[in-house]
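Student: okay, sequence plus prediction incoming.
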Amino acid sequence: MKVIETNIPGLLEIIPNVFEDDRGYFYESFNKEIYEGIGIEEEFVQDNQSLSHTGVLRGLHFQNPPYQQGKLVRVVTGAVLDIAVDIRKGSPTYGHHHAVELTEENKKLFWIPAGFAHGFKVLRDNTIFSYKCTGGYNKESEGSVLWNDPELNIDWGDLSSPILSEKDQLSPKFSELESQFAF
């Protein structure tokens, strides 16, 4: 397994060891002992999966303390542009983001600890996205940041008319965020 530290402390890109032959492939998408060895010691309590089509954009979402969530995300089939935005007050990278392309071919995983807003743009039809979460869903603690806020300067690529939920269309701007996370 190869671990890539990003320009934002805490965010990790993980490239698993994949064993391929004429039958297909095999890899461990999660192994508690190995992940603890790279510093991901949180307990995972919930797995989520979504199916989306090209042009769908989900995010930028988070859950406030005490219901915060860390997420280990990956694509099962298809492809996404995945984004994490640092919303930890006092962080030297507060308001900065990291983007990574996750595809069924590269099998890359992305570790997003609590304290980040998360979203993704779907690049292919029938994309199945998997989230391994350190906390359960709690509607009252939900928060979001406007996906296309100019202050964040996220390059989502070609997005002439993204498919958004009503919640994502009405998310507050980053400047309106009263973050409950500390660095």
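Tutor: Sure, I can see it. All values reported here derive from a predicted model rather than from experimental measurement. Numbering: from 1, shown residues only.

Student: so Arg58 sits right up against Asp168, yeah?
Tutor: Yes. Contact between Arg58 and Asp168 holds when scored by C-beta atoms under 8 Å: they sit 6.9 Å apart. (Glycine included, C-beta is placed from N, CA and C.)

Student: count the residues that sit near Gly95.
Tutor: 18 (other C-beta atoms under 10 Å).

Student: need the contact list for it.
Tutor: For Gly95, the contacting residues are 85-87, 151-152, 174, taking C-beta atoms under 8 Å, 6 or more residues apart in numbering as the criterion.

Student: where do the helices of the chain begin and end?
Tutor: Across the chain, reading from the start of the chain, the helices by DSSP state H fall at 32-37, 166-169.

Student: flag every buried residue along the shortest one.
Tutor: In other words, helix 166-169. Neighbour counts over helix 166-169 (16 or more other C-beta atoms under 10 Å) mark Asp168 as buried.

Student: what residues does it touch?
Tutor: Under the criterion C-beta under 8 Å, 6+ apart, residues 57-59, 144, 147 lie in contact with helix 166-169.

Student: where does this protein dip in pLDDT?
Tutor: Across the chain, nothing is flagged by pLDDT under 70.

Student: the closest residue to Gly119 other than its chain neighbours: neighbour count?
Tutor: By the measure of C-beta to C-beta, 6 or more residues apart in numbering, the closest residue to Gly119 outside its immediate chain neighbours is Gly59, 1.6 Å from it. Residue neighbour count, defined by other C-beta under 10 Å, stands at 23 for Gly59.

Student: now do the contacts for the residue nearest the centre of the chain.
Tutor: In the chain, the centroid-proximal residue (C-alpha atoms, centre = their mean) is His118; its distance is 4.7 Å. For His118, the contact set (C-beta under 8 Å, 6+ apart) comprises 59-62, 71, 73, 82-85, 112.

Student: name the nearest of those residues relative to Ser161.
Tutor: Using C-beta to C-beta, Gly59 comes nearest to Ser161 of the contacts of His118, at 16.8 Å.

Student: roughly how far does Ile14 sit from Asn138?
Tutor: Distance, Ile14 to Asn138, by C-beta to C-beta, to the nearest Å: 26 Å.

Student: list phi and psi for the residue of the chain positioned farthest from its centre.
Tutor: Summary for the chain: using C-alpha atoms, centre = their mean, the residue whose C-alpha lies farthest from the chain's mean C-alpha position is Asp22, with a distance of 31.9 Å. Backbone geometry at Asp22, expressed as degrees, to the nearest 10, gives phi -70, psi -10.

Student: any idea how far it is from Asp149?
Tutor: If you go by C-beta to C-beta, the gap between Asp22 and Asp149 works out to 48 Å.
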